[in-house]
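Novice: just coords:
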């Protein structure tokens, strides 16, 4: 099945996201890896124009414990993560820690997991956590009902501990099949389904398999692939279309209904086609003009952005929160910050039904930030 599908990563934010934008600029940041593998950027060096920074690579062990060891001297420059988090949170920004869930066992202690998260959140001053379950189910060994119960317990405990303003999310793997139906790694869809009743935003990150992004048939009958200007608007239209409730399928614990656009962020950060370290050959969705064109098409339907795409959506989805697409390490060190500056300037003036007719260039990171009274989620 994986040979005829391409993956989706879905993350449900389990609260309102208190960022200073209706359409926030969201990026991931790797402060763990060796700079030989990922260009080093400290959180303190991330420009304020990024509304939400998802800090990568904390891990859960088989017992439920949590570890997070940032890169430091002599491999990386010294970084005071707690001080940088405090500064960003004080400026109305969100810093989430992404925790990869143990993929080889479901025999972990929820309370130990909560305790580990609580210590990290308290020590670092974080105002959000992302629970990454994307690798779960690879071996197919899980009791999904038990796993759902554990994540419900963990989510409720964290919500009680940190309150409604804490940005809690769960990230899972969902993909589209050749015939246009949606499936997911074992237990991922049930976990997402169980949290849908919580006020939430969904991150959907496009992740084609390394070998090829196989085509699929969209609701409008067209064949789509994940790369290039034939994919994003039609895929999003399929994802939100209420007629899809019989097409999004799971073999565990029932059917996964379409997501709500007002609770959704499309996240293309995992798209790998192209060369990460070549500024002249970046993946399609790491080029700001392509992201901006897709947003204007998806959210306005007849906007000029749709002329870039072979097939426009059946409907406009003005409630879509954002399309995120750039690891901050790559933007800062490979693109010189051009993606972030361009997207910031675009989002400052972007509004559904009156979207920009042309995409901004690299632009300036200075100027008026989005109004702090706005939040990412609809009430």
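Specialist: Nice, I can see it. These figures come from a predicted structure and were not determined experimentally.

Novice: all contacts plus neighbour counts: C-alpha atoms, from now on.
Specialist: Fine.

Novice: in the stretch 201-350 of the chain, which spans are strands?
Specialist: With DSSP state E, counting those that start in this stretch as the criterion, the stretch 201-350 of the chain has strands at 201-207, 216-217, 223-224, 264-267, 322-324.

Novice: looking at those, which has the lowest confidence?
Specialist: Ranked by mean pLDDT, the strands of the stretch 201-350 of the chain bottom out at strand 201-207, which scores a mean of 55.

Novice: contacting residues for the closest residue to residue 86 other than its chain neighbours?
Specialist: Of all residues not flanking residue 86 in the chain, residue 125 sits nearest, at 6.0 Å (C-alpha to C-alpha, 6 or more residues apart in numbering). For residue 125, the residues meeting the contact criterion (C-alpha atoms under 8 Å, 6 or more residues apart in numbering) are 82, 85, 86.

Novice: Mark which of those residues are part of helices, please.
Specialist: Mapping these onto helices (DSSP state H) picks out 82, 85, 86.

Novice: Pipe those into JSON lines and attach neighbour count per row.
Specialist: Compiled in JSON lines, those are given as follows (neighbours: other C-alpha atoms under 10 Å):
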{"residue": "82", "neighbour count": "17"}
{"residue": "85", "neighbour count": "22"}
{"residue": "86", "neighbour count": "16"}
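
Novice: Show me the shaky parts of the stretch 151-300 of the chain.
Specialist: 174-184, 196-230, 242-258, 269-276 (pLDDT under 70).

Novice: So which residues of it form helices?
Specialist: Remark: helices assigned in the stretch 151-300 of the chain by DSSP state H, counting those that start in this stretch are 188-194, 232-240, 288-300.

Novice: count of neighbours near residue 349?
Specialist: 12 (other C-alpha atoms under 10 Å).

Novice: how about the helices of the stretch 151-300 of the chain in TSV, adding distance to residue 167?
Specialist: Output for the helices of the stretch 151-300 of the chain, formatted as TSV (distance: least, C-alpha to C-alpha, whole Å):
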stretch	distance to residue 167
helix 188-194	16
helix 232-240	23
helix 288-300	24
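
Novice: So which of these is nearest residue 102?
Specialist: Each of these has some distance to residue 102 by C-alpha to C-alpha; the shortest is helix 188-194, at 13.1 Å.

Novice: buried residues in the closest one?
Specialist: Buried residues in helix 188-194, counting neighbours by 16 or more other C-alpha atoms under 10 Å, are found at 188, 189, 190, 191, 192, 193.
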